[in-house]
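Visitor: pasting the structure only:
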């Protein structure tokens, strides 16, 4: 058993051998790495934003309590055949070589984009970041440019597919609401046509006609009351003694004639005392008195006739007002029935208008949603062609080769020392001979060492 000091000295002495073994091992590792097929992994990432306000409806979007469930669902969508087929179609990867392989494998049945997309999915890896809303897409290929192209293409295809999944239902509902809009528009037009025809038939111009007719009825009722009172009073004066009525008594002509008669009576009385009955002056005065009385009688008759005429006119006016009042009452009853029918037709128009407004507003919302961009997910990182391959792992292989080379170099040096030992230390000499060493000579720098080496030969 060699002492430890001899083993350490052997390692130091055989450094050339050890260096050769290490270089040989590293050369073999380098050759192995160079001959191994290389695989490159390009990485892209998608960010799912926090819940926010819907840009179309202005409402708060629903929060996803389980982020892991959201990311897991979207991972399945990314790895679906639909997304992969869109990648093949968008990049036009169905080259003649791929077409020949597809025909050989399937006999020309099925969709070439879906078939080749399934093969592309084998090299795609989706890994969600724990505790975040980020999905990482990794694509492995022997070509670094193709790996970056596929990673970005899958991200872009997923965004397009997600937008399509969101907007397609909106487009479908948009077409459905468009059909419903035509229906409710026709219902509204029919309701408005019925309302217009009824107004034209009944002559109702506006809804305030009822109030105007009611005011007219009240006015006629007030006029009739006044006419009745006036006609009753005139009828009473004309029916009893028109000559004694206040109209006759208050007439200025009648009062003037009565005053002249009274004056002439007084004059005749004075003349009767001094003149004989056949005196011409007395006879003339009596003639004048008779003429005045005749005029008074005629004026009283005329005034009484005016009272009777006024009474008759008041009665006619009363009858006319009563007739108008009855006609107005009939018109009010007819107008009430028409207004009830008008209210029904107007409610039909209002209901049809409200339905049309609601459907039109919903149609506009669906149209906006069918063209609105996806706002809650976007591509966070864009894949770039990787500089170093992911397989083989060059740094790891070099590190392992260096460790293995060091171990093989040390093993070769120690094995050679065990197979062909050399005495190099005092402890080794003492261990072999069993006697203590009295002195040690450094043969690497002394002339004696050179002589002893020559003698040993």
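Guide: Done, it's in. Source: prediction; values computed, not measured.
Visitor: hmm, which helix or strand of this protein has the shakiest average pLDDT?
Guide: Least confident helix or strand of the chain, by mean pLDDT, DSSP states H and E, is helix 447-456 with a mean of 46.
Visitor: okay, buried residues for stretch 407-415 please.
Guide: Using 16 or more other Cβ atoms under 10 Å as the test for burial, stretch 407-415 gives 409-410, 413-414. Just so you know, the C-beta spots here come from the backbone N, C-alpha and C atoms, and that holds for glycine as well.
Visitor: tell me which of those fall in helices.
Guide: 409-410, 413-414 (DSSP state H).
Visitor: would you turn these into a markdown table with pLDDT?
Guide: Shown next, in a markdown table, are those (pLDDT from 0 to 100):
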| residue | pLDDT |
| --- | --- |
| 409 | 82 |
| 410 | 82 |
| 413 | 75 |
| 414 | 76 |
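Visitor: distance to residue 382 added to these, as TSV?
Guide: Below are those laid out as TSV (distance: Cβ to Cβ, whole Å):
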residue	distance to residue 382
409	46
410	48
413	52
414	54
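Visitor: circling back to that earlier point, tell me the two of the buried residues of stretch 407-415 that are most distant?
Guide: 409 and 414 (9.7 Å; Cβ to Cβ).
Visitor: those strands in the stretch 51-200 of the chain, which residues are they?
Guide: Assigned by DSSP state E, counting those that start in this stretch, the strands in the stretch 51-200 of the chain fall at 124-128, 134-141.
Visitor: please apply the same query to the stretch 351-457 of the chain.
Guide: Under DSSP E, counting those that start in this stretch, the stretch 351-457 of the chain gives strands at 377-381.
Visitor: in it, where is pLDDT below threshold?
Guide: Scanning the stretch 351-457 of the chain for pLDDT under 70 picks out the ranges 363, 366-375, 421-457.
Visitor: tell me where it has helices.
Guide: Ranges of helices in the stretch 351-457 of the chain, per DSSP state H, counting those that start in this stretch, are 394-419, 426-433, 447-456.
Visitor: what do you get for the chain?
Guide: Per DSSP H, the chain carries helices over the ranges 4-13, 15-35, 67-78, 81-91, 96-106, 112-121, 144-202, 209-239, 246-249, 252-274, 280-371, 394-419, 426-433, 447-456.
Visitor: which of the ones you listed comes out lowest on mean pLDDT?
Guide: Per-stretch mean pLDDT for those is lowest at helix 447-456 (a mean of 46).
Visitor: show me what contacts residue 86?
Guide: With contact taken as Cβ atoms under 8 Å, 6 or more residues apart in numbering, residue 86 is in contact with 113, 157, 160-161.
Visitor: can you rerun that using 10 Å?
Guide: 80, 113, 117, 153-154, 156-158, 160-161, 164 (Cβ atoms under 10 Å, 6 or more residues apart in numbering).
Visitor: now residue 194
Guide: Contacts of residue 194 (Cβ under 10 Å, 6+ apart): 344-345, 348-349.
Visitor: switch the cut-off to 8 Å
Guide: With contact set as Cβ under 8 Å, 6+ apart, residue 194 has these partners: 345, 348.
Visitor: quick one: residue 45 and residue 258, what's the gap?
Guide: Residue 45 is 127 Å from residue 258, where distance means Cβ to Cβ, to the nearest Å.
Visitor: let me fix that: residue 117
Guide: The gap separating residue 117 from residue 258 is 131 Å, by Cβ to Cβ.
Visitor: more neighbours: those two, which one.
Guide: Taking other Cβ atoms under 10 Å, residue 117 and residue 258 do not tie; residue 117 has more neighbours (23 against 17).
Visitor: isn't that one right up against residue 81?
Guide: Yes - if you go by Cβ atoms under 8 Å, residue 117 and residue 81 touch, sitting 5.7 Å apart.
Visitor: residues touching the closest residue to residue 102 other than its chain neighbours, list them.
Guide: Closest residue to residue 102 apart from its sequence neighbours, by Cβ to Cβ, 6 or more residues apart in numbering: residue 112 at 4.7 Å. Contact analysis of residue 112 by Cβ under 8 Å, 6+ apart lists 88, 94, 98-99, 102.
Visitor: who does residue 43 form a beta bridge with?
Guide: Beta-bridge partners recorded for residue 43 (DSSP bridges): residue 138.
Visitor: start at 30, not 1
Guide: Noted, 30 is the first residue going forward, which turns the last one into residue 72.
Visitor: what about it, neighbour count?
Guide: 19.
Visitor: that one touches residue 412, doesn't it?
Guide: Yes - contact criterion Cβ under 8 Å: residue 72 and residue 412 qualify, at 5.8 Å.
Visitor: what touches both of the two?
Guide: With Cβ under 8 Å, 6+ apart, residue 72 and residue 412 have common neighbours 166, 180.
Visitor: coming back round to it: just the buried residues from the contacts of residue 141, in PyMOL please.
Guide: Typed into PyMOL, the line below selects the buried ones among the contacts of residue 141, using 16+ other Cβ under 10 Å:
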select buried, resi 117+123+127+131
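Visitor: can you tell me which of the contacts of residue 141 is closest to residue 323?
Guide: So of the contacts of residue 141, ranked by how close each gets to residue 323 (Cβ to Cβ), first place is residue 117, at 133.9 Å.
Visitor: residue 147 versus the closest one, what's the distance?
Guide: In this structure, residue 117 and residue 147 are 10 Å apart, going by Cβ to Cβ.
Visitor: so which bits of stretch 293-310 are buried?
Guide: Within stretch 293-310, the residues scored as buried using 16+ other Cβ under 10 Å are 293, 297, 300.
Visitor: again, but for stretch 126-135
Guide: By 16+ other Cβ under 10 Å, the buried positions in stretch 126-135 come out as 127, 131.
Visitor: contacts for it?
Guide: 123, 137, 141, 144-145.
Visitor: show the backbone phi and psi for the residue nearest to residue 67 when sequence neighbours are not counted.
Guide: In this structure, residue 67 finds its nearest non-sequential neighbour in residue 418, 4.0 Å apart by Cβ to Cβ, 6+ apart. Dihedral pair for residue 418: phi -70, psi 150, per degrees, to the nearest 10.
Visitor: I figured residue 418 was touching residue 66, is that so?
Guide: No - using Cβ under 8 Å, residue 418 makes no contact with residue 66, being 9.2 Å away.
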